[in-house]
Structure formats: C-alpha cells, structure tokens
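Engineer: Curious how this folds, go ahead:
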Amino acid sequence: MADKTADKEAMKAAKEAEKAAKKAKQERVKQSKPKKEGNVFTRAGKTVKKFWKDFVGTVKKIVWPGPKQVLKSSLIVLATIVVVGLVIYGIDQGLTALFGAGKQLAVSAGEQLAVVDEVTDDADADADAGADEEETEEAETEANEEAEEETLEEETADAGE
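Structural biologist: Below you'll find the predicted structure:
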C-alpha cells in the first residue's frame with residue numbers, strides 16, 4: 001500500500017514538473033517577442049521612418065562611375081552590338097543562299113518531272129490514238145458490212161415483189 005501511495009505522489013510530482021516546465025517555456029516565448037508599443041499608426045510611422053533611413057544609407061554607399069569609365073563601357077556596348085549584328089547578318093545571308101539553292105534544285109527537279117510526264121503523256125496519247133484508230137476501222141468495217149447486208153435484203157425483197 002505504501003508503494004501505491006508513493007507511486008501516486010511521484011506521478012503528481014512529475015505532472016507538476018511538466019506544468020512548471022510548460023509555464024516557464026511560455027514565459028520565455030513571451031519575453032522573446034518584442035513588445036508592441038503604441039497603436040497601429042505609430043508603429044507604421046516608425047516602420048516607414050526606418051525604411052527611409054535605411055534607403056538613404058544605401059544610396060550613400062553607391063559609387064558612381066567617372067566620365068572615362070562611362071565612355072569606355074559605352075564603347076564596349078557599341079562594339080558588342082556591331083559584332084552581334086554582323087554575326088546575325090552573316091547567318092541570315094547564309095540561310096537565304098542555302099534555301100535559294102534548295103528552291104532552285106526543287107524547281108529544276110519539278111521541271112524535269114514535267115518533261116518526263118509530257119513524254120509519258122505523249123506516249124500514252126499515241127497508244128490511245130492507235131487503239132482508237134483500230135476501233136474506228138473495226139466500226140467502219142462493221143458498218144459497211146451491215147450496210148451491204150441491208151442492201152442485199154432490200155434487193156432481195158424488191159426482186160421478190
């Protein structure tokens with residue numbers, strides 16, 4: 001029984017120690033936070049004042065280039081622009097010549113194909129014309145034969161009357 005009481009007391013002591021540690025931690029957090037002094041407008045005014053003070057300090061640290069350094073930098077920029085412009089111009093002219101040659105090759109190949117097509121079409125037309133002539137001759141022969149038969153039939157019919 002004495003053990004149970006001792007255990008309960010130890011548990012209570014541990015819980016109290018935990019609570020005390022939590023409370024101490026909360027106090028440290030409160031102390032580390034800056035205290036808000038004044039209302040919103042006074043704090044905003046102080047913030048703006050601090051910003052401008054830092055801004056002016058930073059501007060004072062700027063070192064402006066002298067006239068010689070400005071001229072030298074400007075000449076470097078102009079020379080770079082000229083070089084890059086010439087490189088782009090050269091690339092443009094090269095690609096234009098390349099595509100022009102390619103276009104010329106395509107046109108000449110197209111012309112050659114057109115000539116081949118014309119020759120093929122002429123040969124086909126000649127073959128078709130030959131076939132048409134044969135068909136025409138056969139049709140004429142048949143027509144002549146039919147006409148002769150009709151003439152014979154008419155003569156036979158006339159003779160029988």
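Engineer: Distance from the chain centre to the helix ranked longest in the chain, please.
Structural biologist: Determined from DSSP state H, the single longest helix within the chain is helix 67-160. Its chain's C-alpha centre lies 35 Å from the corresponding centre of helix 67-160 when counted by C-alpha atoms, centre = their mean, to the nearest Å.
Engineer: which is the next helix or strand following the helix or strand hosting A17?
Structural biologist: Using DSSP states H and E, A17 falls within helix 2-32. Downstream of helix 2-32, the first helix or strand assigned by DSSP H and E is helix 40-60.
Engineer: Tell me where the protein is predicted with low confidence.
Structural biologist: Low-confidence segments of the chain, defined by pLDDT under 70: 1-2, 33-36, 122-133, 158-161.
Engineer: Domain parsing of it, as residue ranges.
Structural biologist: With domains defined by automatic domain parsing, the chain comprises 1-62, 65-161.
Engineer: Reformat those into CSV and put mean neighbour count next to each item.
Structural biologist: In this view, the C-beta of every residue, glycine as well, is placed from N, C-alpha and C. Conversion of the domains of the chain to CSV gives the following (neighbours: other C-beta atoms under 10 Å):
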stretch, mean neighbour count
domain 1-62, 9
domain 65-161, 10
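Engineer: Please tell me how far F41 sits from V48.
Structural biologist: As for F41, its distance to V48 is 11 Å (criterion: C-beta to C-beta, to the nearest Å).
Engineer: which residues are common contacts for the two?
Structural biologist: Common neighbours of F41 and V48 (criterion: C-beta atoms under 8 Å, 6 or more residues apart in numbering): none identified.
Engineer: Can you tell me what sits against stretch 76-87?
Structural biologist: If you take C-beta under 8 Å, 6+ apart as the criterion, stretch 76-87 is touched by no other residue.
Engineer: now stretch 21-37
Structural biologist: Here stretch 21-37 makes contact (C-beta under 8 Å, 6+ apart) with R43.
Engineer: for it, the distance to its chain's centre please.
Structural biologist: Worked out by C-alpha atoms, centre = their mean, stretch 21-37 lies 56 Å from the chain centre.
Engineer: Restrict that stretch to CA atoms and write it as PDB.
Structural biologist: The C-alpha coordinates for stretch 21-37 follow below in PDB (Å, rounded to 0.1, in the frame of the first residue of the first chain):
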ATOM      1  CA  ALA A  21       8.300  23.500 -17.500                       C
ATOM      2  CA  LYS A  22       5.400  24.400 -19.900                       C
ATOM      3  CA  LYS A  23       4.800  27.600 -18.000                       C
ATOM      4  CA  ALA A  24       8.500  28.500 -18.000                       C
ATOM      5  CA  LYS A  25       8.600  27.900 -21.800                       C
ATOM      6  CA  GLN A  26       5.600  30.200 -22.300                       C
ATOM      7  CA  GLU A  27       7.300  32.900 -20.300                       C
ATOM      8  CA  ARG A  28      10.400  32.700 -22.300                       C
ATOM      9  CA  VAL A  29       8.400  32.900 -25.600                       C
ATOM     10  CA  LYS A  30       6.600  36.000 -24.200                       C
ATOM     11  CA  GLN A  31       9.900  37.600 -23.300                       C
ATOM     12  CA  SER A  32      11.500  36.900 -26.700                       C
ATOM     13  CA  LYS A  33       8.600  38.600 -28.600                       C
ATOM     14  CA  PRO A  34       9.100  42.400 -28.900                       C
ATOM     15  CA  LYS A  35       6.600  44.400 -27.000                       C
ATOM     16  CA  LYS A  36       4.200  46.300 -29.200                       C
ATOM     17  CA  GLU A  37       4.400  49.900 -28.200                       C
END
